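Student: can't give you the sequence, but here's the structure:
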């Protein structure tokens, strides 16, 4: 317990009681008003007639008001147990006044007008996250920085409506305070996130939404949490320009999406879109993708190295995009007639003018160019005929011949046909990949598509057929972005030029080693602008104990790739337990014993991590005969408390109180860069304890180096 004057603590306890009294009064007021509006809405519904516009407007207004009242009611109910977590005392240099502000997860108003607790997303709340005691500032969006002198910064522990403790610190959420929070189990930690946001995380959260951002964050750096808080911040401060339905959160699997977006309702974010990358491209394809006609392939890590290897690197790169562009340029030249247009043996539209038009309108699709050329030639023909004093009926008859002079909207080939034609052309150009391209053609003929095939079809749709811009997408958050090659990002940037991006990832966790992102250079320099856009590095890890973090860094030393250094928070725990040459048949017993110990110690989220889906299914079946195990599968898994048995690929982005790494032998994980990254992912999932156990010889990657 910190030493404070009795009067100071009494004052803090008194303010908490006063604040809770205001919240209770707000709750009563909102409950009453919600009930009144409910009655009013029922009466309006009972008397509703569609031909009465005044009654319709009254009903719409009443429904809107009730939604606002219910939202305020919910926020006050959430605030009652823990109204705030921080306080700042400061002097505003601009007006010379001294302020004391309490900062909470939700804002609390007194008498509907006076702010009692400031919402953490409000610009002034940044004082709490950004500044040390002394001279500082806070940033109001699109305004000058506002200078302040910070006299006090205080953090509170409040639980079940009681003030447990409070801390004054020069830097809020310092290592000592963070260690206190992070020592709790996984579920308890989630409740403290907003109170412990660090300065470098806060910089990312509050950055302008009008620029793109790439964030390299080591395992456990909180990058996913930062991304979700950034969405909440943008919608709170830029709500007049961004709507929730214009936000897309994209992840590599559905379990990760369910996990990361589960915090959004608590952050007052509702109605955003969330999709895995494959489904996002399917959504963009819209009517050009008949779901029942195609099979979407979702490869497991390691499969691509065995089957396609070097070819996957090409397919995931910008070279693949450039090759498709060259094919589409050839297709345009074949599709649009380039000779001069004649009417009554007179040239009305020269081939030079047609070429100039195409050169000046390169951003439009082939179909848009055809439509615009048809309109232009029709105007030129009519102008010429009028100049020749042709009769109106002659003008109509002659004009009809030119209505679809450059083509109509009926494309003989489907997008898939064009993609296969592109692959066939490429096979002639790149003989060294003939075998792989033939294999791709065979797969495409069976209508089996992976994420890169879907991205290619979306790009072709944009360049061939689309005649309107896609306006439904304003901001895209991509988590675990390193799993996707630069081709995916190049396509997205081309088809959604008005959207902005928040891209989060860790190149040390790229489990799709051949096709994914092993550094950020292409993204930073060729897809985004190094001068205009932002690149951040989050180096500090808040997840693992020092012992687990140091072991994970030893794993990375077995790789030939460069990695970003990890700065673990000062939190100690048990050293990882390494067991190998376990007698055959005894591994299950070992696993059951460890899980039993962890449960007795109060740990709630426990992962048994396996090599792949097949091994996970076998281990899950065996464990289920001895203990309660959550039932999961690749498509429908949801993160849950209890014991989860998962392939290593599905654990990426997740964290657990404890982890049991199942049978990582040298046969399953031979020493190569791809497996180094897989085992690094597995080891860094554990918050508190890590056990590695193998029946045979342990993978060399897991040996100390």
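Tutor: Perfect, I can see it now. Given the structure is predicted, the values throughout are model-derived calculations rather than measurements.
Student: pLDDT averaged over the helix of greatest length in the chain - what is it?
Tutor: The longest helix of the chain (DSSP state H) is helix 6-46. The pLDDT scores in helix 6-46 average 92.
Student: what residue ranges in the stretch 251-400 of the chain score low on pLDDT?
Tutor: Residues of the stretch 251-400 of the chain meeting the criterion pLDDT under 70: 291, 299-309.
Student: how about the strands of it, start to end?
Tutor: For the stretch 251-400 of the chain, applying DSSP state E, counting those that start in this stretch gives strands covering 273-276, 295-296, 341-343, 346-349.
Student: so which of these comes closest to residue 546?
Tutor: Using C-beta to C-beta as the measure, strand 273-276 is the one of the strands of the stretch 251-400 of the chain that comes nearest residue 546, at 34.2 Å. For glycine as for every other residue, the C-beta is placed from the backbone atoms N, C-alpha and C.
Student: Buried ones in that closest one, by neighbour count?
Tutor: 273-276 (16 or more other C-beta atoms under 10 Å).
Student: Stretch 563-572 too?
Tutor: Buried-residue list, stretch 563-572, by 16+ other C-beta under 10 Å: 563-564, 566, 568-569, 571.
Student: Endpoints of it, how far apart?
Tutor: End-to-end distance for stretch 563-572, by C-alpha to C-alpha, to the nearest Å: 24 Å.
Student: What of stretch 287-294?
Tutor: Per C-alpha to C-alpha, the first residue of stretch 287-294 is 13 Å away from its last.
Student: cool, and stretch 337-357?
Tutor: The first-to-last residue distance of stretch 337-357 comes to 13 Å (C-alpha to C-alpha).
Student: Show me which residues of it are buried.
Tutor: Neighbour counts using 16+ other C-beta under 10 Å place 341, 343, 348-349, 354 of stretch 337-357 among the buried residues.
Student: Tell me which residues are up against it.
Tutor: Residues outside stretch 337-357 that contact it (C-beta atoms under 8 Å, 6 or more residues apart in numbering) are 336, 369, 372-373, 376-377, 380-381, 383-385, 388, 398, 402, 405-406.
Student: about what we covered before: tell me the first helix or strand C-terminal of the longest helix of the chain.
Tutor: helix 53-81 (DSSP states H and E).
Student: same question for the helix or strand following that next one, mean pLDDT?
Tutor: Using DSSP H and E, the helix or strand that follows helix 53-81 in sequence is strand 86-92. What strand 86-92 shows for mean pLDDT is 95.
Student: Would you indicate which residues of strand 86-92 are buried?
Tutor: 86-90, 92.
Student: from the residues you listed, which single one is nearest residue 655?
Tutor: Using C-beta to C-beta, those come closest to residue 655 at residue 86, 24.7 Å.
Student: Could you pull up the residues touching the closest residue to the closest one other than its chain neighbours?
Tutor: Nearest non-adjacent residue to residue 86, counting by C-beta to C-beta, 6 or more residues apart in numbering: residue 103, 4.1 Å away. With contact set as C-beta under 8 Å, 6+ apart, residue 103 has these partners: 84-88, 117-118, 120, 125, 128.
Student: Pull out the buried residues from the residues you listed.
Tutor: Buried among those (16+ other C-beta under 10 Å): 84-88, 117-118, 120, 125, 128.
Student: Export those residues as TSV, with columns for distance to residue 580.
Tutor: Shown next, in TSV, are the buried ones among the contacts of residue 103 (distance: C-beta to C-beta, whole Å):
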residue	distance to residue 580
84	50
85	45
86	47
87	52
88	53
117	54
118	54
120	47
125	50
128	48
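Student: Let me see the ranges of the strands in the stretch 451-600 of the chain.
Tutor: Secondary structure of the stretch 451-600 of the chain (DSSP E, counting those that start in this stretch): strands at 475-478, 500-505, 534-538, 540-541, 567-568, 577-579.
Student: For residue 406, give its distance to residue 589.
Tutor: 74 Å (C-beta to C-beta, to the nearest Å).
Student: between those two, which one's more packed in?
Tutor: Between residue 406 and residue 589, residue 406 has the larger neighbour count (other C-beta atoms under 10 Å), namely 21 against 12.
Student: give me every residue that touches the residue nearest to residue 261 when sequence neighbours are not counted.
Tutor: Nearest non-adjacent residue to residue 261, counting by C-beta to C-beta, 6+ apart: residue 274, 5.0 Å away. By C-beta under 8 Å, 6+ apart, residue 274 lies in contact with 248-251, 257, 261.
Student: which among those residues gets closest to residue 670?
Tutor: Looking across the contacts of residue 274 and measuring by C-beta to C-beta, the closest to residue 670 is residue 251, at 28.6 Å.
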